[in-house]
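Q: Test case, fold it:
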Amino acid sequence: PEARLAQSSRLLGFANLFPERDNIFRRVPLLAALDSRPVMSIALAAAWDLAGRPPINVHRRRLLLGQRHVAVDGQARTSGPGAGKPAFRPGGRGVRVRPPEGLLPAGLRTLPEEMDPLDLFRRVRNDPHPALLVGGRRDGETGRFSVVAADPFQILRFHGGRGILKSRRRETPLEGDPFAAIRESLDACGVPPIPGVPFAGGAIGYLGYGLRGAAEAAVSVKVAPSPWPDLHLAFYDRAFVVDHFRGCTHLVATGFPETAAGRRREKQRLDLDRLSEIRASRPEREPAPPDPSASAPTFETSREDYLGAIRRAQEYLADGEIYQVNLSHRILVRGGWEPFSLYRDLLERHPACFSAFLPLQDVSVLCASPERLLRLEGSRAETRPIKGTRARAEDPGEDRRVAEELAAGPKERSENVMIVDLARND
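A: Predicted coordinates for the structure are as follows:
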């Protein structure tokens, strides 16, 4: 298959990559970012909960839905001298939170075991539309949670201004505003928050640059059409949520697409039982990955065109038209990779707070990043951008010196101030 590696792709922050396994991870910076909400999250571009609204940020001439990946992070924080692992409190077989009026809570079972999200994914990878979001930290601040889901009850897609909402029973063609379609889909399946559990079922997918025209009244630069959907969101009614900080695994089920309260509660029970069966099953044994026979990477933008884009960006900066620009280009590598095996290699070579793997119908999305793009809790928004890079050193003393130089460098500090200001204003 054709592989594409992008430092900033149309999929808003994923690297769509099947690159050369042995060394390309060391040569090309990969992307990712985080968006999360307390209840439900949409990974890989922006996050919603089913009791809230999507954070869509528009600044002048560009749509800022996110420039990198996504994974889920939670609500609880601990800091100070008394901080430590909170006491584990199992959810049992039916812990429920009192819902806002009119919303039926999701079902929850909590197991006193921190399961490996990759092992859980192996158990469901042959189900329809599996999704894997991995948190790579063991603290309460960033990368605390991992999510594994499969077999969504509906999928929303838009491509070239036309959409389709596909459920297990029917397909509905859509036209018009894709963001209105997202809101309507979320409003139809709302659930109240579960304290300490950031994902109680919800939508996982991506938003592409092709949606820019739907978010801005006037778009001065046309985006080349993508062969893949501009929007792909899969709505999951059940999921595993691994809390790496507390060392436990939550099983959550919403009961959708059932709407009657009694039927939803019964489906929640059946879905929780099904998740328990999956958890107790043995993951499939994976065959040895094939030799990808990778071609040499090729740049789809010539050096002359890229340098010309830099000169135009400098002119815009000098004229005050822009104060931040993200110049990027595609890198194409041809080969025959097994995507999940490549994703595991990505995690080994590029461990990060947030990563995700979405094996879609015609393309697989792999991403990893230490950055948090956006986290929303009520009326509070948090972003943790990162600027500046240095090569790691083999010698620990030299590695510390390089890290100190990076933290104190005037160029990197000014870039960080700029991106924090940009994020705060947007």
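Q: alpha carbons only for contacts and neighbour counts from here, please
A: OK.
Q: could you measure residue 293 against residue 249, distance?
A: According to C-alpha to C-alpha, to the nearest Å, residue 293 and residue 249 sit 39 Å apart.
Q: So these two - more neighbours on which side?
A: Using other C-alpha atoms under 10 Å, the more surrounded residue of residue 293 and residue 249 is residue 249, with 26 against 12.
Q: Touching, that one and residue 276? I think so.
A: No. Taking contacts as C-alpha atoms under 8 Å, residue 249 lies outside contact range of residue 276: 11.0 Å.
Q: what about stretch 106-115, how long is it end to end?
A: 21 Å.
Q: pull the longest helix from this protein.
A: As assigned by DSSP state H, the longest helix anywhere in the chain is helix 261-280.
Q: For that one, what does the pLDDT average out to?
A: Mean per-residue pLDDT for helix 261-280: 95.
Q: Give the helix, strand or coil label for residue 310.
A: helix (DSSP: H, G, I helix; E, B strand; the rest coil).
Q: Just want the phi and psi numbers for the closest residue to residue 252 other than its chain neighbours.
A: Sequence neighbours aside, residue 108 is the residue nearest to residue 252 in space, at 4.7 Å (criterion: C-alpha to C-alpha, 6 or more residues apart in numbering). When read as degrees, to the nearest 10, the backbone of residue 108 gives phi -140, psi 130.
Q: Residue 108 reaches residue 241, doesn't it?
A: No. Judged on C-alpha under 8 Å, residue 108 makes no contact with residue 241 at a distance of 10.3 Å.
Q: what touches both of the two?
A: Taking C-alpha atoms under 8 Å, 6 or more residues apart in numbering as the contact rule, the neighbours common to residue 108 and residue 241 are 250-252.
Q: Just want to know which of residue 108 and residue 241 has more residues nearby.
A: More neighbours surround residue 241 than the other of residue 108 and residue 241, with 28 against 25 (other C-alpha under 10 Å).
Q: pLDDT below threshold where in the stretch 101-250 of the chain?
A: Applying pLDDT under 70 to the stretch 101-250 of the chain picks out residues 101-102, 217-224.
Q: in it, which spans are helices?
A: Secondary structure of the stretch 101-250 of the chain (DSSP state H, counting those that start in this stretch): helices at 117-124, 178-187, 212-215.
Q: Out of those, which is closest to residue 409?
A: For residue 409, the closest of the helices of the stretch 101-250 of the chain is helix 212-215, at 35.1 Å, according to C-alpha to C-alpha.
Q: What are the buried residues along that closest one?
A: 212-213, 215 (16 or more other C-alpha atoms under 10 Å).
Q: just checking, what packs against that helix?
A: strand 62-64 (3 or more C-alpha pairs under 8 Å, 6 or more residues apart in numbering; DSSP states H and E).
Q: Near residue 422, how many other residues are there?
A: By other C-alpha under 10 Å, 13 other residues sit near residue 422.
Q: Over to residue 306?
A: Using other C-alpha under 10 Å: residue 306 sits among 14 other residues.
Q: repeat for residue 305
A: Number of residues near residue 305 (other C-alpha under 10 Å) recorded here: 10.
Q: quick one on the thing from earlier: now intersect the shared contacts of residue 108 and residue 241 with the strands, please.
A: 250-252 (DSSP state E).
Q: Out of those, flag the one nearest to residue 370.
A: residue 250 (24.2 Å).
Q: quick one on the thing from earlier: between the shared contacts of residue 108 and residue 241, which is nearest residue 345?
A: Nearest member of the shared contacts of residue 108 and residue 241 to residue 345, counting by C-alpha to C-alpha, is residue 250, at 26.6 Å.
Q: Tell me the bridge partners for that closest one.
A: residue 110, residue 241 (DSSP bridges).
Q: Just to check, residue 390 is in contact with residue 406?
A: Yes. Contact criterion C-alpha under 8 Å: residue 390 and residue 406 qualify, at 6.9 Å.
Q: The two - which one has more neighbours?
A: More crowded of residue 390 and residue 406, by other C-alpha under 10 Å: residue 406, with 17 against 10.
Q: Looks to me like the more buried one is in a helix.
A: Yes. Assessed by three-state DSSP, residue 406 belongs to a helix.
Q: Residue 161: neighbour count?
A: Neighbour count of residue 161, defined by other C-alpha under 10 Å: 16.
Q: List the contacts of it.
A: Taking C-alpha under 8 Å, 6+ apart as the test, what residue 161 contacts is 175-176.
Q: can you redo the buried residues of helix 212-215 as a markdown table with distance to residue 103?
A: Putting the buried residues of helix 212-215 into a markdown table (distance: C-alpha to C-alpha, whole Å) gives the following:
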| residue | distance to residue 103 |
| --- | --- |
| 212 | 33 |
| 213 | 34 |
| 215 | 30 |
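Q: how close does residue 357 sit to residue 164?
A: 23 Å.
Q: just to revisit the earlier point, by neighbours, which of the ones in strands among the shared contacts of residue 108 and residue 241 wins?
A: Result: residue 251 is most packed of those (other C-alpha under 10 Å), 27 neighbours.
Q: thinking again about what came up before, settle it for me: which of residue 357 and residue 164 has more neighbours?
A: residue 357 (25 against 16).
Q: element containing the nearest residue to the more buried one once chain neighbours are set aside, please.
A: Among residues not flanking residue 357 along the chain, residue 366 sits closest, at 4.8 Å (C-alpha to C-alpha, 6+ apart). Taking DSSP states H and E as the definition, one finds residue 366 inside strand 364-369.
Q: now that strand: how far from the chain's centre is it?
A: Here the centre of strand 364-369 is set off from its chain's centre by 8 Å, with C-alpha atoms, centre = their mean, to the nearest Å.
Q: same for the next helix or strand after that strand, what does it pack against?
A: Of the helices and strands lying after strand 364-369 in sequence (DSSP H and E), the nearest is strand 372-377. On a contact count with 3+ C-alpha pairs under 8 Å, 6+ apart, strand 372-377 meets strand 35-36, strand 380-384.
Q: and the longest helix of the chain, which residues are buried?
A: Buried residues in helix 261-280, counting neighbours by 16+ other C-alpha under 10 Å, are found at 264-265, 267-269, 271-273, 275, 279.
Q: tilt between it and helix 117-124?
A: 110 degrees (axes from the mean of the first three to the mean of the last three C-alpha atoms, to 10 degrees).
Q: Next secondary structure after helix 261-280?
A: strand 298-299.
Q: Can you get me a residue count around residue 233?
A: 22.
Q: right, and it touches residue 205 too?
A: Yes. Taking contacts as C-alpha under 8 Å, residue 233 lies within contact range of residue 205: 4.4 Å.
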